[in-house]
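> Below are the sequence and a predicted model; questions follow.
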Amino acid sequence: MVYSLDEGLESLLHRFKDFGPEYRWIGALFGSLAIEFFTNHLQCIEERYGKIDIFAVPPAGGASRNFDHMAEIIHSVRPWRTSWDLSLLKKKRNKKDERGQVDTECYDLSPGRGVEGKRVLFLDDTWTSGSTLASAAAAAKRHGAQKVVAVTIGRQLKKEWGTGRDIAQAALRRRYDVGRCVICA
(Lines give C-alpha, C1' and ligand atoms only; values in the text may rest on other atoms or scores of the structure.)
Protein backbone atom coordinates (compact mmCIF):
# COMPACT_ATOMS: atom_id res chain seq x y z
CA MET A 1 0.00 0.00 0.00
CA VAL A 2 2.79 2.42 0.91
CA TYR A 3 6.57 2.51 0.99
CA SER A 4 8.35 3.13 4.27
CA LEU A 5 11.57 5.12 4.14
CA ASP A 6 13.78 5.92 7.10
CA GLU A 7 11.89 3.52 9.38
CA GLY A 8 8.75 5.69 9.65
CA LEU A 9 6.28 2.84 9.37
CA GLU A 10 8.45 0.50 11.42
CA SER A 11 8.56 3.04 14.26
CA LEU A 12 4.76 3.25 14.38
CA LEU A 13 4.41 -0.54 14.13
CA HIS A 14 6.93 -1.04 16.93
CA ARG A 15 4.97 1.30 19.23
CA PHE A 16 1.66 -0.31 18.26
CA LYS A 17 2.89 -3.89 18.78
CA ASP A 18 5.35 -3.56 21.65
CA PHE A 19 4.71 -0.45 23.77
CA GLY A 20 1.51 -1.54 25.51
CA PRO A 21 -2.25 -0.99 25.33
CA GLU A 22 -1.99 2.81 25.37
CA TYR A 23 -0.57 2.60 21.82
CA ARG A 24 -3.28 0.33 20.38
CA TRP A 25 -5.02 3.36 18.84
CA ILE A 26 -2.32 3.27 16.15
CA GLY A 27 -3.99 0.12 14.77
CA ALA A 28 -6.86 2.31 13.56
CA LEU A 29 -4.42 4.29 11.40
CA PHE A 30 -3.24 1.10 9.71
CA GLY A 31 -6.79 -0.22 9.47
CA SER A 32 -7.99 3.02 7.86
CA LEU A 33 -5.21 2.87 5.29
CA ALA A 34 -6.01 -0.78 4.53
CA ILE A 35 -9.75 -0.25 4.17
CA GLU A 36 -9.15 2.74 1.88
CA PHE A 37 -6.73 0.71 -0.23
CA PHE A 38 -9.09 -2.25 -0.63
CA THR A 39 -12.04 0.05 -1.35
CA ASN A 40 -10.07 1.59 -4.21
CA HIS A 41 -8.07 -1.41 -5.44
CA LEU A 42 -9.71 -4.74 -4.67
CA GLN A 43 -11.24 -4.60 -8.14
CA CYS A 44 -7.73 -4.08 -9.60
CA ILE A 45 -6.43 -7.09 -7.70
CA GLU A 46 -9.34 -9.29 -8.75
CA GLU A 47 -9.11 -8.24 -12.40
CA ARG A 48 -5.49 -9.36 -12.38
CA TYR A 49 -5.66 -12.49 -10.17
CA GLY A 50 -9.32 -13.52 -10.20
CA LYS A 51 -12.01 -13.20 -7.55
CA ILE A 52 -10.53 -13.62 -4.07
CA ASP A 53 -12.27 -16.38 -2.13
CA ILE A 54 -10.50 -16.08 1.23
CA PHE A 55 -9.05 -12.99 2.92
CA ALA A 56 -6.60 -14.00 5.64
CA VAL A 57 -3.60 -12.91 7.68
CA PRO A 58 -0.46 -14.86 8.55
CA PRO A 59 -0.25 -15.94 12.21
CA ALA A 60 1.17 -13.28 14.52
CA GLY A 61 4.88 -13.65 15.19
CA GLY A 62 5.65 -12.22 18.60
CA ALA A 63 5.16 -14.77 21.36
CA SER A 64 5.86 -12.00 23.89
CA ARG A 65 2.81 -10.01 22.75
CA ASN A 66 -0.51 -10.69 24.38
CA PHE A 67 -2.59 -9.72 21.33
CA ASP A 68 -2.79 -10.44 17.61
CA HIS A 69 -1.79 -7.18 15.97
CA MET A 70 -3.32 -7.99 12.57
CA ALA A 71 -6.66 -8.89 14.15
CA GLU A 72 -6.51 -5.60 16.05
CA ILE A 73 -5.88 -3.70 12.80
CA ILE A 74 -8.76 -5.45 11.01
CA HIS A 75 -11.19 -4.98 13.92
CA SER A 76 -10.22 -1.33 14.44
CA VAL A 77 -12.22 -0.07 11.43
CA ARG A 78 -15.57 -0.69 9.75
CA PRO A 79 -17.10 -1.37 7.32
CA TRP A 80 -15.04 -3.96 5.47
CA ARG A 81 -16.56 -5.18 2.22
CA THR A 82 -14.86 -8.51 2.85
CA SER A 83 -14.84 -10.93 5.73
CA TRP A 84 -11.49 -11.94 7.17
CA ASP A 85 -10.35 -15.38 8.26
CA LEU A 86 -7.99 -14.42 11.07
CA SER A 87 -7.05 -18.00 11.90
CA LEU A 88 -6.78 -19.71 8.51
CA LEU A 89 -3.23 -20.76 9.30
CA LYS A 90 -1.69 -21.99 12.52
CA LYS A 91 1.96 -22.10 13.46
CA LYS A 92 3.61 -25.49 13.41
CA ARG A 93 6.82 -23.94 14.69
CA ASN A 94 8.40 -20.51 14.87
CA LYS A 95 9.67 -19.23 11.57
CA LYS A 96 13.42 -19.14 11.26
CA ASP A 97 14.79 -15.88 12.64
CA GLU A 98 17.17 -15.26 9.77
CA ARG A 99 15.83 -12.36 7.70
CA GLY A 100 14.76 -13.44 4.27
CA GLN A 101 14.55 -17.16 5.05
CA VAL A 102 11.40 -18.78 3.72
CA ASP A 103 10.26 -21.67 5.91
CA THR A 104 7.72 -23.64 3.90
CA GLU A 105 6.83 -25.84 6.88
CA CYS A 106 6.30 -23.31 9.69
CA TYR A 107 2.54 -22.84 8.99
CA ASP A 108 -0.29 -25.29 8.38
CA LEU A 109 -4.02 -24.95 7.81
CA SER A 110 -6.13 -24.68 10.93
CA PRO A 111 -8.48 -27.64 11.43
CA GLY A 112 -11.66 -27.43 9.40
CA ARG A 113 -10.30 -24.90 6.92
CA GLY A 114 -10.07 -25.61 3.22
CA VAL A 115 -8.28 -23.70 0.48
CA GLU A 116 -8.24 -26.27 -2.32
CA GLY A 117 -8.94 -24.58 -5.65
CA LYS A 118 -9.45 -21.19 -3.99
CA ARG A 119 -7.76 -17.83 -4.35
CA VAL A 120 -6.34 -16.60 -1.05
CA LEU A 121 -5.24 -13.07 -0.23
CA PHE A 122 -2.92 -12.61 2.75
CA LEU A 123 -2.63 -9.19 4.39
CA ASP A 124 0.37 -8.44 6.58
CA ASP A 125 1.61 -5.28 8.23
CA THR A 126 4.97 -4.83 6.57
CA TRP A 127 7.13 -6.40 3.89
CA THR A 128 10.73 -6.41 4.99
CA SER A 129 12.15 -9.50 3.33
CA GLY A 130 8.94 -11.19 2.22
CA SER A 131 9.68 -14.39 4.11
CA THR A 132 6.55 -14.32 6.31
CA LEU A 133 4.18 -14.01 3.38
CA ALA A 134 6.17 -16.46 1.24
CA SER A 135 6.02 -18.99 4.10
CA ALA A 136 2.25 -18.44 4.50
CA ALA A 137 1.75 -18.75 0.73
CA ALA A 138 3.71 -22.00 0.72
CA ALA A 139 1.31 -23.48 3.29
CA ALA A 140 -1.75 -22.41 1.29
CA LYS A 141 -0.28 -23.76 -1.96
CA ARG A 142 0.69 -27.02 -0.24
CA HIS A 143 -3.00 -27.48 0.61
CA GLY A 144 -4.18 -26.78 -2.93
CA ALA A 145 -4.79 -23.03 -3.12
CA GLN A 146 -5.16 -22.08 -6.77
CA LYS A 147 -3.61 -18.63 -6.34
CA VAL A 148 -2.11 -16.72 -3.41
CA VAL A 149 -1.93 -12.93 -3.43
CA ALA A 150 0.04 -10.96 -0.84
CA VAL A 151 -0.70 -7.38 0.22
CA THR A 152 1.11 -5.44 2.91
CA ILE A 153 0.29 -2.15 4.54
CA GLY A 154 3.88 -1.06 4.01
CA ARG A 155 7.03 -2.08 2.20
CA GLN A 156 10.12 -1.37 4.26
CA LEU A 157 12.86 0.05 2.06
CA LYS A 158 16.44 -0.06 3.18
CA LYS A 159 18.83 1.41 0.66
CA GLU A 160 21.39 -1.28 1.46
CA TRP A 161 18.99 -4.22 0.85
CA GLY A 162 18.83 -5.62 -2.68
CA THR A 163 16.82 -3.30 -4.94
CA GLY A 164 15.85 -1.07 -2.00
CA ARG A 165 17.99 1.85 -3.17
CA ASP A 166 16.40 1.91 -6.65
CA ILE A 167 12.85 1.57 -5.32
CA ALA A 168 13.48 4.26 -2.68
CA GLN A 169 14.81 6.69 -5.28
CA ALA A 170 11.83 6.05 -7.57
CA ALA A 171 9.40 6.46 -4.65
CA LEU A 172 10.96 9.78 -3.67
CA ARG A 173 10.64 11.11 -7.24
CA ARG A 174 6.89 10.66 -7.39
CA ARG A 175 4.18 12.06 -5.20
CA TYR A 176 2.17 9.77 -2.97
CA ASP A 177 -1.33 9.16 -4.29
CA VAL A 178 -3.68 6.89 -2.31
CA GLY A 179 -5.63 6.39 -5.53
CA ARG A 180 -2.64 4.80 -7.29
CA CYS A 181 -1.54 1.23 -6.77
CA VAL A 182 1.18 -0.93 -8.27
CA ILE A 183 -1.41 -3.00 -10.10
CA CYS A 184 -3.46 -0.29 -11.78
CA ALA A 185 -0.70 2.37 -12.10
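Yep, that arrived. Numbers count the residues shown, from 1 in each chain.
> does the residue nearest the centre of the chain have beta-bridge partners, and which?
Nearest to the centroid of the C-alpha atoms of the chain, with distances taken as Cα atoms, centre = their mean, sits residue 124, at 1.7 Å. Residue 124 has these beta-bridge partners by DSSP bridges: residue 152.
> I'd assumed residue 149 was in contact with it.
No - with contacts counted by Cβ atoms under 8 Å, residue 124 stays clear of residue 149, the gap being 11.8 Å. In this view, the C-beta of every residue, glycine as well, is placed from N, C-alpha and C.
> quick one: contacts of whichever strand or helix holds residue 140?
Using DSSP states H and E, residue 140 maps to helix 131-142. For helix 131-142, contacts defined as Cβ atoms under 8 Å, 6 or more residues apart in numbering pick out 56, 58-59, 61, 88-89, 95-96, 99-104, 106-109, 115, 120, 122, 124, 127, 145, 148, 150, 152.
> Run through this structure and note the low-pLDDT ranges.
Residues of the chain meeting the criterion pLDDT under 70: 5-7, 61-64, 94-100, 158-165, 167-168, 170-185.
> By residue count, what's the longest helix in it?
Counting residues, the longest helix in the chain under DSSP state H turns out to be helix 26-49.
> I'd like the next helix or strand past it.
strand 54-56.
> which helices and strands sit right next to that next one?
If you count contacts as 3 or more Cβ pairs under 8 Å, 6 or more residues apart in numbering; DSSP states H and E, strand 54-56 packs onto strand 84-85, strand 119-127.
> from the chain's centre, how far out does the first one sit?
On the basis of Cα atoms, centre = their mean, to the nearest Å, strand 84-85 sits 13 Å off its chain's mean C-alpha point.
> So what are the sheet partners of it and their directions?
Partners of strand 84-85 in its sheet, by DSSP bridges: strand 54-56 (parallel).
> Need the residues that contact the strand it pairs with.
With Cβ under 8 Å, 6+ apart as the criterion, strand 54-56 contacts 82-86, 88-89, 115, 118-123, 136.
> Closest one to residue 68 out of these, please.
The nearest member of the contacts of strand 54-56 to residue 68, counting by Cβ to Cβ, is residue 86 at 7.0 Å.
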